[in-house]
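Asks: Build the 3D model from these lines:
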Amino acid sequence: MNQLKSREPGSATLPGTLSEALRAELIDFRRDLHMHPELGNQEFRTTAALKARLEAAGLAPKVLPAGTGLVCDIGTRRPGRPVLAIRADLDALPIPDVKTVAYRSTVANRAHACGHDVHTTTVLGAGLVLAELDRQGLLPHAVRLIFQPAEEVLPGGAADAVEAGVLDGVGRIIAVHCDPRVDAGKIGLRVGPITSACDRLEVTLDGPGGHTARPHLTTDLVTAAARVATDVPAVLARRVDARSGLSVTWGRIEAGHAPNVIPQHAELSGTVRCLDLPTWREAPDLVHAAIDEVATLYRAKSTVTYVRGVPPVVNDAAVTELLHDAMTARRGPHAIEDTEQSLGGEDFSWYLEHVPGAMARLGVRTPGDSRVRDLHAGDFDVDERCIDAGVELFTAAALLDGAAEA
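Replies: Numbers count the residues shown, from 1 in each chain. Prediction:
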């Protein structure tokens, strides 16, 4: 599996199984978050709930400088030995929740439609289990929990968290992301790139305007906008290696107000996605040049606003192997699937600019369910057995990582 060696289930005797009481508590916690979604950098209620629960467990979480998100260390940190960090993201999406469930969002046009409530709950659960193990003297090394705000807000709250020092003393970092294509109780793993770079693009085109009877006397701005929309992706396809997966996709085009008036202004906005890190670093210059060339051909003045988003998440081989061994020890190799690189973006990549790490895809589909669900949809929901799997993955990874360094 992606160059990872196999490990027999039960080959590591690991403490820290999830009790029935804690399992029920975590499901309730997740549902409470689901009912009260908060957008990026507004996660005050979520932060307060996490802080209260961690403090009740005898821990000392610290709220991040911006007032949302927090960091919490568990166990005794030994001089010269790096900490394993476990990361969750807190924010929801600005879309309505259309499910008919008891824990449906109570906030209009806000929904946990990407599973961040699950990510948060699994990291909290792992923290509570590890804190108990530490009290029993069974935690071999310190672990850091990172609850990060604003993953959905480009360029992502991870960069702010890093600036706040959450990686100080960290040697490796792990995380999960919900995947509705994988059954609950399983994870998907991949060595190397597992997500894509994602940037935002805004283009304005300007011209003198005029009468639609005489387009030859002015700049036909609607045609110019249409050509930018269609020709720029085609130009880029011939200027980069096709294996880099550089893709420009438009989400909005606006121009004009009347059928017989050539407008003076047009706007396009969309995203730039890329599978390859080196090409992503070159993307702004490549995209600017392609837009300018096409616009100039149609005598339109172009202004480009290129907003850097996130680089690809590139899973480190050794850390991915740690996740593989952890899940194998808990549930066996049948609980692990190979997974593909996604065109979605994830700001977990910013942590990997500083320390090696890996993200697993956490299965949330009810086994046997043939319905097609997707992230960022108003009807998104999970099989809550995924919480058990996430907690088990994180706790086992912490114990195996600490044992390896002992």
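Asks: Spatially nearest residue to the most centrally placed residue in the chain (excluding sequence neighbours)?
Replies: Central residue of the chain (C-alpha atoms, centre = their mean): Glu346, 3.2 Å from the mean position. Nearest residue to Glu346, sequence neighbours excluded (C-beta to C-beta, 6 or more residues apart in numbering): Thr195, at 4.6 Å. (Each C-beta comes from the backbone N, C-alpha and C, glycine too.)
Asks: same thing with Arg373?
Replies: Excluding its sequence neighbours, the residue lying closest to Arg373 (C-beta to C-beta, 6+ apart) is Pro180, at 4.2 Å.
Asks: Using just helix, strand and coil, how would you label Cys114?
Replies: In three-state terms, and counting by DSSP: H, G, I helix; E, B strand; the rest coil, Cys114 is coil.
Asks: what about the residue lying closest to it once chain neighbours are set aside, is that helix, strand or coil?
Replies: Closest residue to Cys114 apart from its sequence neighbours, by C-beta to C-beta, 6+ apart: Leu375 at 5.1 Å. Recorded secondary structure, Leu375: coil (three-state DSSP).
Asks: I'd say Leu375 and His112 touch.
Replies: No: between Leu375 and His112 there is no contact under C-beta atoms under 8 Å: 10.7 Å.
Asks: higher neighbour count, the two?
Replies: Legend: neighbour count by other C-beta atoms under 10 Å for Leu375 and His112, higher for His112 (28 against 17).
Asks: What distance do you get for the more buried one to Gly378?
Replies: Per C-beta to C-beta, to the nearest Å, His112 is found 11 Å from Gly378.
Asks: Please list all residues in contact with Leu39.
Replies: Neighbouring residues of Leu39 by C-beta atoms under 8 Å, 6 or more residues apart in numbering: Asp91, Ala92, Leu93, Pro94, Arg110, Glu152, Val153.
Asks: now do Ala396
Replies: Ala396 touches Ala12, Leu14, Gly16, Asp325, Ala326, Met327, Ala329, Arg330, counting by C-beta under 8 Å, 6+ apart.
Asks: ranking those residues by neighbours, who comes first?
Replies: Neighbour counts for the contacts of Ala396 (other C-beta under 10 Å) peak at Ala326, which has 27 neighbours.
Asks: Can you list phi and psi of that residue for me?
Replies: For Ala326, the backbone dihedrals (degrees, to the nearest 10) come out as phi -60, psi -50.
Asks: and the gap between it and Glu392?
Replies: From Ala326 to Glu392 the distance is 8 Å (C-beta to C-beta).
Asks: Check which helices and strands the strand or helix carrying Thr122 is in contact with.
Replies: For Thr122, the host element (DSSP states H and E) is helix 116-135. Counting contacts by 3 or more C-beta pairs under 8 Å, 6 or more residues apart in numbering; DSSP states H and E, helix 116-135 is packed against helix 20-35, helix 44-56, strand 70-74, strand 83-89, strand 143-148, strand 170-183, strand 357-365, helix 385-405.
Asks: try it again with 6 Å
Replies: Judged by 3 or more C-beta pairs under 6 Å, 6 or more residues apart in numbering; DSSP states H and E, helix 116-135 is in contact with helix 20-35, strand 70-74, strand 83-89, strand 143-148, helix 385-405.
Asks: what's Leu70 in contact with, if anything?
Replies: Leu70 is in contact with Thr47, Lys51, Pro61, Lys62, Val63, Phe147, counting by C-beta atoms under 6 Å, 6 or more residues apart in numbering.
Asks: again with Glu151
Replies: Asp89, Asp91, Gly157, Asp347.
Asks: Count the residues that sit near the first one.
Replies: Using other C-beta under 10 Å, the number of residues around Asp89 comes to 30.
Asks: Mind pulling up the pLDDT for it?
Replies: We have a pLDDT of 98 for Asp89.
Asks: Same check on the third one?
Replies: Residue-level confidence at Gly157 comes out at 95, pLDDT.
Asks: got the contact list for it?
Replies: So Gly157 contacts Gln148, Pro149, Ala150, Glu151 (C-beta under 6 Å, 6+ apart).
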